[in-house]
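*Asks:* Let me see the structure of the following:
(chains A and B)
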Number of protein chains: 2
Amino acid sequence: MTLFYPNGQPYRGTEKQTQQASQSPVVYGHRGMTLEEDLNASNRYYLETDRGVIYKKPTPVQIVHVDYPKRSAAKITEAYFRKASTTDYNGIYRGKYIDFEAKETTHSNYIPLKNFHSHQVEHMKRIKRHGGIGFIIVRFTQSDDIFLLDADYLADCWSAAQKGRRKSIPKSLFQEKGFMIPQKYLPRIDYLRVVDDVYFKTGHI
Amino acid sequence: MTLFYPNGQPYRGTEKQTQQASQSPVVYGHRGMTLEEDLNASNRYYLETDRGVIYKKPTPVQIVHVDYPKRSAAKITEAYFRKASTTDYNGIYRGKYIDFEAKETTHSNYIPLKNFHSHQVEHMKRIKRHGGIGFIIVRFTQSDDIFLLDADYLADCWSAAQKGRRKSIPKSLFQEKGFMIPQKYLPRIDYLRVVDDVYFKTGHI
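*Replies:* Numbers count the residues shown, from 1 in each chain, chains lettered A, B, ... in the order given. Okay, the predicted model is just below:
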């Protein structure tokens, strides 16, 4: 299975892992059926139940060469991963534009800011300035806790790090200012229920 | 230059054209600097002037094999174009979710409906039902006229075609029910000015 970080960069394991990695055609943003897969399944559920229209954007790829075999589909034979200029997920919910980035961390008490890019932080600032809803979803894999945190806090941590302060977001900030997302069968990660509470009930919008 | 239709399918020209097509690494959705390029430039201008946050989504690609050369970037060596499940462009403008598909036609008096996919039509219906703005932008290349037409008219034409009626949208419908988009230097295609008139001044929203 070929493994990629959510930013499109490949996971470079040991030689052995890399060899294993080239056998399966399926590409996940995370290892196995994890956050991205769960969110995609949740978004399909939201679509099927007509609750919201939210999609993950395709991984940006710079295509260099394409072959056109006779009687079969065009085959891309040379391409490279590009850095995303925006977040991975966007769509519409209850009439509002919604935009978020989702990340996993294996650290028990924090997520390093290097999981995000400056243009993603800038993008979410713009979205909020234009009246949209912007947040991050972070899964702490050790405890399997998933939180939603408004993009403002990411922006705060980001600018603090620029000034030499800590280069990560502590889990305590998620616990204090974020909201835990319930995990269940359908949808697996019911983040829109949290969006209801955070953005629609508090007069936030 | 490798040429692609906006749906990601390659342009299959004559043998000679295909050979020429494999020399340049740049991929456009249309032939040359056309509608897609002009819209991307316009969107960059909107972003820089903080007028709206609208992006083209990356072309969806199914990645099958990736090489990891030492000391250089991961190289995708086998991948295929997938059909987009949504429209190409979305974002936020004046607090509203905005979503559209853009196409060119060389026909002088109509655009064939086969330029669109059923899931794109369904997607735009959903967007409108959830309170978003949805439309198509069509350039008639012979006259170089560019129109914005609300997604409702596309849906109407689509369902009429399903019932055996005409399989295209006549230019006259764009002239009667759509709005011509002015072309200028900056931005090249000022479609948000038309969105202002159509969706924000008429009490449509």
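*Asks:* Run through the helices of chain A in chain order.
*Replies:* For chain A, applying DSSP state H gives helices covering A:15-21, A:35-48, A:118-129, A:151-162, A:171-177, A:191-195.
*Asks:* Run through the neighbouring helices and strands of the fourth one.
*Replies:* With contacts defined as 3 or more CB pairs under 8 Å, 6 or more residues apart in numbering or on different chains; DSSP states H and E, the secondary structure elements packing on helix A:151-162 are helix A:118-129, strand A:133-140, strand A:168-170, helix A:171-177. Where C-beta positions appear, they are placed from N, C-alpha and C, glycine not excepted.
*Asks:* try 10 Å this time
*Replies:* Under the contact criterion of 3 or more CB pairs under 10 Å, 6 or more residues apart in numbering or on different chains; DSSP states H and E, helix A:151-162 touches strand A:96-105, strand A:110-112, helix A:118-129, strand A:133-140, strand A:168-170, helix A:171-177.
*Asks:* Could you point out which of those sits nearest chain B?
*Replies:* Set against chain B and scored by CB to the nearest CB, the helices and strands packed on helix A:151-162 come closest in strand A:96-105, at 4.1 Å.
*Asks:* List the contacts of the residue most central in space within chain A.
*Replies:* The C-alpha lying nearest the average C-alpha coordinate of chain A belongs to residue A:102 (CA atoms, centre = their mean; 2.4 Å). By CB atoms under 10 Å, 6 or more residues apart in numbering or on different chains, residue A:102 lies in contact with A:6, A:29-30, A:34-36, A:38-39, A:56, A:87-89, A:135-139, A:146, A:148, A:189, A:191.
*Asks:* what do you get if the cut-off is 7 Å, keeping everything else the same?
*Replies:* Residues near residue A:102 by CB atoms under 7 Å, 6 or more residues apart in numbering or on different chains: A:35-36, A:39, A:88-89, A:137.
*Asks:* Phi, psi for residue A:59 please.
*Replies:* Per-residue torsions, residue A:59: phi -60, psi 130 (degrees, to the nearest 10).
*Asks:* so how many other residues sit close to it?
*Replies:* Neighbour count of residue A:59, defined by other CB atoms under 10 Å in any protein chain shown: 21.
*Asks:* thinking residue A:167 is in contact with residue A:110, fair?
*Replies:* No: Residue A:167 lies out of contact with residue A:110 (CB atoms under 7 Å); the separation is 9.3 Å.
*Asks:* Which of those two has more residues huddled nearby?
*Replies:* Neighbours were counted for residue A:167 and for residue A:110 using other CB under 10 Å; residue A:110 has more, 17 against 14.
*Asks:* who does the residue nearest to the centre of chain A bridge with?
*Replies:* Note on residue A:102: beta-bridge partners by DSSP bridges are residue A:137.
*Asks:* ok, the contacts of residue A:102 vs residue B:200, which is closest?
*Replies:* Nearest to residue B:200 among the contacts of residue A:102: residue A:89, at 26.5 Å, using CB to CB.
*Asks:* sorry, back to before: need the helices and strands packed on helix A:151-162 in a markdown table (columns: distance to residue A:200).
*Replies:* Below are those laid out as a markdown table (distance: least, CB to CB, whole Å):
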| stretch | distance to residue A:200 |
| --- | --- |
| strand A:96-105 | 8 |
| strand A:110-112 | 26 |
| helix A:118-129 | 16 |
| strand A:133-140 | 9 |
| strand A:168-170 | 25 |
| helix A:171-177 | 18 |
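*Asks:* and chain A, which residues reach chain B?
*Replies:* With CB under 7 Å from any CB of the partner chain as the criterion, chain A meets chain B at residues A:2, A:10, A:12, A:18, A:22, A:25, A:27, A:52-53, A:55, A:57-61, A:63-66, A:68, A:73-81, A:86, A:90, A:92, A:95, A:97, A:126-127, A:130-132.
*Asks:* Among these, name the ones in strands.
*Replies:* Judged by DSSP state E, strands contain the following of those: A:53, A:55, A:61, A:63-66, A:75-81, A:90, A:92, A:97.
*Asks:* Provide a ChimeraX selection command restricted to the buried entries of those.
*Replies:* Here is the ChimeraX command that picks out the buried ones among these, judged by 16 or more other CB atoms under 10 Å in any protein chain shown:
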select /A:53,55,61,63,64,66,75,76,77,78,79,80,81,90,92,97
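*Asks:* Under the pLDDT cut-off, which ranges of chain A? List them.
*Replies:* Counting by pLDDT under 70, chain A shows low-confidence ranges at A:1-33, A:202-205.
*Asks:* Quick one: closest of the helices and strands packed on helix A:151-162 to residue B:173.
*Replies:* With CB to CB, the closest approach to residue B:173 among the helices and strands packed on helix A:151-162 belongs to strand A:96-105: 28.7 Å.
*Asks:* so that closest one versus strand B:96-105, what angle?
*Replies:* Per axes from the mean of the first three to the mean of the last three CA atoms, to 10 degrees, the angle that strand A:96-105 makes with strand B:96-105 is 90 degrees.
*Asks:* from the middle of its chain, how far away would strand A:96-105 be?
*Replies:* 5 Å (CA atoms, centre = their mean, to the nearest Å).
*Asks:* Excluding covalently adjacent residues, which one is nearest to residue A:98?
*Replies:* Counting by CB to CB, 6 or more residues apart in numbering or on different chains, residue A:133 is the residue found nearest to residue A:98 once chain neighbours are left out, at 4.7 Å.
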